[in-house]
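Participant: I would like the atomic coordinates for the input below:
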Amino acid sequence: MADPIWLIDTSILIDILRGQVAARNWVDALALPARNLSVITGAELLAGCRNQREQRAVERELNLYHTVWMDESISQTALDFYKQFHLSHGFGFLDCLIAATAIQHGYRLATLNLRHFTMLPGLQVERPY
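Facilitator: Below you'll find the predicted structure:
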């Protein structure tokens with residue numbers, strides 16, 4: 001069985017940027033082609049920057065991953081998920097976009113927030129460390 005290709009959620013990148021060794025070790029063990037981020041994750045990380053120093057650190061980290069862009073199919077799947085789960089599960093639209101991206105590309109989603117994603121049909125989701 002081939003190694004999975006991952007879509008790495010924002011929560012993992014936050015751990016890396018905060019110096020969590022387990023997060024860094026997990027990502028470093030992945031082959032470069034298996035390291036993917038949604039454009040949403042990049043935007044979320046940049047939105048959290050409080051100054052230029054933090055933004056430069058985020059930009060350096062983002063350069064270590066392949067950015068996956070959204071298309072119409074991803075957007076439609078995300079909207080369908082949002083309509084179905086935002087009231088019942090408090091599922092946010094940005095998480096819908098990330099999950100739809102993983103499903104569309106057949107990637108496994110790595111996250112620390114399993115409860116945000118476990119109800120979604122067709123999504124392979126795992127807490128990697």
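Participant: so which elements touch the helix ranked longest in the chain?
Facilitator: In the chain, taking DSSP state H as the definition, the longest helix is helix 72-89. Packed against helix 72-89 by the contact rule (3 or more C-beta pairs under 8 Å, 6 or more residues apart in numbering; DSSP states H and E) you find helix 93-105. Backbone N, C-alpha and C define where each C-beta goes, glycine included.
Participant: what's the next secondary structure element after the helix it packs on?
Facilitator: The element immediately downstream of helix 93-105 (helix or strand, assigned by DSSP states H and E) is strand 108-110.
Participant: and that next one, which strands flank it?
Facilitator: Sheet neighbours of strand 108-110, with direction, are listed as strand 6-8 (parallel), strand 125-126 (parallel) (DSSP bridges).
Participant: quick one: mean pLDDT for that strand?
Facilitator: The average pLDDT within strand 108-110 is 98.
Participant: need the contact partners of that strand.
Facilitator: Outside strand 108-110, the residues that touch it by C-beta atoms under 8 Å, 6 or more residues apart in numbering are 4-9, 12, 26, 98-99, 102, 117, 123-128.
Participant: for the chain, give me the ranges with low pLDDT.
Facilitator: By pLDDT under 70, the low-scoring segments of the chain are 1-2.
Participant: about what we covered before: now a ChimeraX select for only the buried ones of the contacts of strand 108-110.
Facilitator: Provided next is the ChimeraX selection string for whichever of the contacts of strand 108-110 are buried by 16 or more other C-beta atoms under 10 Å:
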select :5,6,7,8,9,12,26,98,99,102,117,123,124,125,128
